[in-house]
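In: 3D, please:
(2 chains)
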2 protein chains.
Amino acid sequence: MEHLTTLPRPAPADLHAPALRILRRLLAGIERPPGLRLGDALLHELESHPEYTLVIRDPALLRRLVLRPDPLLLADAYFRGVIDVEGDLYSALGLKTHFETVSLSWRDKLALVRDALMLRVSDQNGLKPVGGLASRVARRFAYRHSRKTDQAAISFHYDVSNAFYGLWLDAERVYSCAYFETPGDSLEQAQRNKLEHICRKLRLQPGDRLLDIGCGWGALVCWAARHHGVRAHGITLSQRQLEYARERIQAEGLQDLVTVELRDYRDLDGTAIYDKVSSVGMFEHVGLANLPDYYAAVQRVLRPGGLFLNHGITHDEEGWNRTLASDFINRYVFPDGELDCVSNIQLGMERAGFEIHDLEGLRPHYALTLRHWVQRLEARRDEALREVDEVTYRIWRLYMAACALEFEAGGTGIYQIVASKRAGGAWPVPLTRRDLYRG
Amino acid sequence: MEHLTTLPRPAPADLHAPALRILRRLLAGIERPPGLRLGDALLHELESHPEYTLVIRDPALLRRLVLRPDPLLLADAYFRGVIDVEGDLYSALGLKTHFETVSLSWRDKLALVRDALMLRVSDQNGLKPVGGLASRVARRFAYRHSRKTDQAAISFHYDVSNAFYGLWLDAERVYSCAYFETPGDSLEQAQRNKLEHICRKLRLQPGDRLLDIGCGWGALVCWAARHHGVRAHGITLSQRQLEYARERIQAEGLQDLVTVELRDYRDLDGTAIYDKVSSVGMFEHVGLANLPDYYAAVQRVLRPGGLFLNHGITHDEEGWNRTLASDFINRYVFPDGELDCVSNIQLGMERAGFEIHDLEGLRPHYALTLRHWVQRLEARRDEALREVDEVTYRIWRLYMAACALEFEAGGTGIYQIVASKRAGGAWPVPLTRRDLYRG
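Out: Residues are numbered from 1 along each chain as shown, chains lettered A, B, ... in the order given. Presented below is the predicted three-dimensional model:
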């Protein structure tokens, strides 16, 4: 995290009056404009808003917003502490409506704002618009997905601090979409539901050999061993996750059933050595160009007729690398991640020799999960700031809140796909899915 | 059906002894060769087979088989009554193994034999190999899918005779894949299960407006009205199905809730007038090139956030029009039908603006369904022959048996896809699918 620093807040300066007048006009057409409190001096308040107050500490930002109403300015300013939100963060993310004047489609603007809010600042200068040739050049080199770059990308996101994640994840420490039987389920319950739902979909039986690709802190491999008696092996690229998982396996006395190691999916050994393979929140990291290799690796290690559960994030458009916004997400927040529509994800699986049995969309579950995480992170802000710096805290908070809104708006989806390695017409699941809902 | 006639059986002729010797060699390497009983004279029996006897009434066929071991000869001969199967039809379809000497891959041969067995003979000359330029030309003109050709194709298949279908379909008269809670369910039970499963997946509520595209003999629209209180409208291109459905609606007293009409999906009126749309065993008839128009029509008539259940047959390869075999199926049995892999089916739906919620593979259910149909048809052969000619009976019997094996082998699949018309992030299904499995 060496390139992220806590920035000193700029001192308030005089408000540029003409800029404010223009800003007021910009805001006039908006249904519910936010309250603006400028700096500590409360220089001007355009209108109070019942749900949140936008605190702007540097009037120079207003001037810049008026001259170039660029949502990137807002994101950068938030991360640097120039802007703050008091009250409901989700309502404040409705700031997208401020940018109707930009000559983009509503859809593009929405995406741009949300993505901008996810921008991970890499230096104190901030405010670097990326576009045109520079963007295209960056894009070309951004998605290499070598073993080395993948390792670095995963480390960037997941090696932040085990203690930091522990503050707001559930006790099982599952950092992917939970499964809510009802919206009122606690996060703890919903993550246990999800682990069990996956085990049932894989029809785990005692003695099954399970491989979990991208095993995180070991929640699924331990659950599968403890509750279903399988022999489970997990692989991850995060050293900190590995250390945590090893301690946990020891603590739970599962050494005879569960192993984990630091390994790239491309380096998996063996042929037809697993009965079941799970991959939860992992394929987004693989890169679209590498998905065929990824599926081929799963095919190779899975026995004929074996089941594969592929769980991950999608979006509603085909392919990736299509917008400026994509670059920001990939380079600053979700490193080297690439999304595709769920049909193309399945097409890759079919091409690799999988037969699709079952697909379940879980989009509202991820929105609920993210709102839980944001709430829990906010509730433990002080402890979080002992683990990470202010900028990291702000990025995580806004990133997760913006993602919750993305899942609610429907541009982003999340699916569980159950498939098998084709083998002479084998159908290794029951006739119906009723068994998933027993008890 | 004017081009289909019952053919007189050829008189037995002397066996060509050298041909038989070569045939014996051909059969020698086969694990379990069939018994051969040649004509009424039982001239020679190579080996008895416990499961079936292949009766060959014209020894000239043997000569031809030896000179050119072409599976098309077998299919044609079966339809013309030159070959008969006594005993288990499914085992006899294992005849594919006879053609190992042909220089094709095992997979191609399997497909060719199965497809050939589905060949609908169009004249008494039979034995017309189609290939090369002629095939390509035929292919170019085979898939036009105008309103007129679609009407003719549907009529070809579904206007055979209501009474004929009534002999072997279930009481609800559902001519698509049933849904077996257990393999021992009766066909009657499994078809009722299936109607209810679809209604549950559509989350039908009293007062909902349901459109059923390709409503067949009206089973689903009547079930949905009777058990879920919806107002249902069905469209079909088959005059005979329409007549039957109208009588049934009257007989069940559902005139206030259910209407049906003869209409092409391209001619659907109105915008956003249905809450739910179902399409069961229909999209296979649309033609891949027309699927975008088809999905656009569903989008138009469905209200935003409304649910669409798309149920149909797929295969394990991408696209259609790729083999000689395709032409035979399309031109003689399953008119103008075109299959694609299930990922591409979903991709078309996503492109049209649908969000996929749920996908369920039902491949073994169609194999069970087809075996029930074959068994029921065989049990009522005499009655069937009062409704249709011998050739039609033979085609239907062999077509359905071969399809059962196709579904068992896995090259052909069947899926139910639940999707909604995207509308501002709406998620018009419950958080879980538990409600599908109540009771």
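In: when you work out contacts or count neighbours from here on, use the C-alpha atoms and nothing else.
Out: Noted.
In: all strands of the stretch 101-250 of chain A, in order?
Out: Assigned by DSSP state E, counting those that start in this stretch, the stretch 101-250 of chain A shows strands spanning A:209-213, A:231-236.
In: strand partners (parallel or antiparallel) of the first one?
Out: Paired neighbours of strand A:209-213 in the sheet (DSSP bridges): strand A:231-236 (parallel), strand A:274-280 (parallel).
In: residue of the stretch 101-250 of chain A nearest chain B, please.
Out: A:Glu181 (6.4 Å; CA to the nearest CA).
In: number of nearby residues for that residue?
Out: 17 (other CA atoms under 10 Å in any protein chain shown).
In: show me the domain layout of chain A.
Out: The record's domain parsing of chain A by automatic domain parsing lists A:17-129, A:147-437.
In: least confident of the ones you listed, on average?
Out: Ranked by mean pLDDT, the domains of chain A bottom out at domain A:17-129, which scores a mean of 49.
In: can you show me the strands along the stretch 251-400 of chain A?
Out: Assignment of strands within the stretch 251-400 of chain A using DSSP E, counting those that start in this stretch yields the ranges A:258-262, A:274-280, A:302-315, A:354-361.
In: and A:Ile273, what is it in contact with?
Out: Residues in contact with A:Ile273 (CA atoms under 8 Å, 6 or more residues apart in numbering or on different chains) are A:Arg209, A:Val301, A:Leu302, A:Arg303.
In: would you turn the strands paired with strand A:209-213 into TSV with mean neighbour count?
Out: Below are the strands paired with strand A:209-213 laid out as TSV (neighbours: other CA atoms under 10 Å in any protein chain shown):
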stretch	mean neighbour count
strand A:231-236	24
strand A:274-280	24
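In: surely A:Ser176 and A:Glu284 touch.
Out: No: A:Ser176 is beyond contact range of A:Glu284, at 11.8 Å (criterion: CA atoms under 8 Å).
In: quickly list what's touching both of those two.
Out: The contact lists of A:Ser176 and A:Glu284 share no entry, where a contact means CA under 8 Å, 6+ apart.
In: wait, A:Ala272 touches A:Leu302, no?
Out: Yes: proximity of A:Ala272 to A:Leu302 meets the contact threshold set by CA under 8 Å, at 4.5 Å.
In: so those two - more neighbours on which side?
Out: A:Leu302 (25 against 15).
In: make TSV from the strands of the stretch 251-400 of chain A and add distance to A:Leu347 to it.
Out: What follows is the strands of the stretch 251-400 of chain A, written out as TSV (distance: least, CA to CA, whole Å):
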stretch	distance to A:Leu347
strand A:258-262	29
strand A:274-280	17
strand A:302-315	13
strand A:354-361	9
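In: parallel or antiparallel, list what pairs with the helix or strand where A:Ser420 lies.
Out: Using DSSP states H and E, A:Ser420 maps to strand A:412-421. Strand A:412-421 sits in its sheet next to strand A:302-315 (antiparallel), strand A:354-361 (antiparallel), going by DSSP bridges.
In: what sits up against it?
Out: By CA under 8 Å, 6+ apart, strand A:412-421 touches A:177, A:201-202, A:299, A:302-316, A:342, A:346, A:353-363, A:366, A:406-407, A:427-428.
In: can you rerun that using 6 Å?
Out: The contact list for strand A:412-421 (CA atoms under 6 Å, 6 or more residues apart in numbering or on different chains) reads A:304-315, A:354-363, A:406.
In: how about the strands of the stretch 101-250 of chain A in CSV, adding distance to A:Arg147?
Out: Below are the strands of the stretch 101-250 of chain A laid out as CSV (distance: least, CA to CA, whole Å):
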stretch, distance to A:Arg147
strand A:209-213, 15
strand A:231-236, 12
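In: show me which residues of the stretch 301-439 of chain A are close to chain B?
Out: A:343, A:346-347, A:357-361, A:408-410, A:424-425, A:434, A:437 (CA under 6 Å from any CA of the partner chain).
In: could you redo the last one with a cut-off of 8 Å?
Out: Selection of the stretch 301-439 of chain A residues close to chain B by CA under 8 Å from any CA of the partner chain yields A:316-317, A:343-344, A:346-347, A:350-351, A:355-362, A:364-365, A:407-411, A:424-427, A:431-432, A:434, A:437.
In: filter the residues you listed down to the buried ones, ChimeraX style.
Out: Remark: buried members of those, expressed as a ChimeraX selection using 16 or more other CA atoms under 10 Å in any protein chain shown:
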select /A:316,317,343,344,346,347,350,351,355,356,357,358,359,360,361,362,364,365,407,408,409,410,411,425,426,427,431,432
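In: so which of the residues of the stretch 301-439 of chain A next to chain B belong to helices?
Out: A:Ser343, A:Asn344, A:Gln346, A:Leu347, A:Glu350, A:Arg351, A:Pro364, A:His365, A:Phe407, A:Glu408, A:Ala409 (DSSP state H).
In: any idea how many residues pack against A:Ala289?
Out: 12.
In: actually A:Arg147, not the one I wrote
Out: 15.
In: A:Asp84 now?
Out: Neighbours around A:Asp84, by other CA under 10 Å: 21.
In: out of everything not next to it in sequence, what's closest to it?
Out: Using CA to CA, 6 or more residues apart in numbering or on different chains and skipping the chain neighbours, the partner closest in space to A:Asp84 is A:Val55 (4.9 Å).
In: of all the residues in stretch A:237-253, which ones are buried?
Out: A:Leu237, A:Ser238, A:Gln239, A:Arg240, A:Gln241, A:Leu242, A:Glu243, A:Ala245, A:Arg246, A:Arg248, A:Ile249.
In: filter these down to the ones in helices?
Out: Per DSSP H, the subset of those in helices is A:Gln239, A:Arg240, A:Gln241, A:Leu242, A:Glu243, A:Ala245, A:Arg246, A:Arg248, A:Ile249.
In: is it possible to export those residues to CSV including distance to A:Arg231?
Out: Below are those laid out as CSV (distance: CA to CA, whole Å):
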residue, distance to A:Arg231
A:Gln239, 22
A:Arg240, 23
A:Gln241, 20
A:Leu242, 18
A:Glu243, 20
A:Ala245, 15
A:Arg246, 15
A:Arg248, 16
A:Ile249, 12
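In: any chance of a markdown table for those residues, columns distance to chain B?
Out: Shown next, in a markdown table, are these (distance: CA to the nearest CA, whole Å):
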| residue | distance to chain B |
| --- | --- |
| A:Gln239 | 35 |
| A:Arg240 | 33 |
| A:Gln241 | 30 |
| A:Leu242 | 32 |
| A:Glu243 | 34 |
| A:Ala245 | 30 |
| A:Arg246 | 33 |
| A:Arg248 | 31 |
| A:Ile249 | 31 |
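In: about what we covered before: do I have it right that the residue of the stretch 101-250 of chain A closest to chain B meets A:Gln189?
Out: No: the criterion here is CA under 8 Å, and A:Glu181 misses it with A:Gln189 at 9.1 Å.
In: A:Cys244: what's it in contact with?
Out: In this structure residue A:244 is Tyr, not Cys. By CA under 8 Å, 6+ apart, the contact list for A:Tyr244 reads A:Asn162, A:Trp217, A:Gly218.
In: distance of it relative to A:Leu195?
Out: Going from A:Tyr244 to A:Leu195 by CA to CA, to the nearest Å gives 18 Å.
In: same question for A:Arg386.
Out: 31 Å.
In: those two: which has the busier surroundings?
Out: A:Leu195 (20 against 11).
In: nearest spatial neighbour of the more buried one, skipping sequence neighbours?
Out: Once flanking residues are discounted, A:Leu195 sits nearest to A:Leu220: 6.0 Å by CA to CA, 6+ apart.
In: report how many residues lie close to that neighbour.
Out: Other residues close to A:Leu220 by other CA under 10 Å number 26.
In: likewise A:Tyr179?
Out: Neighbour tally, A:Tyr179, other CA under 10 Å: 27.
In: tell me the contacts of it?
Out: Per CA under 8 Å, 6+ apart, neighbours of A:Tyr179: A:Ala190, A:Gln191, A:Asn193, A:Lys194, A:His197, A:Leu362, A:His365.
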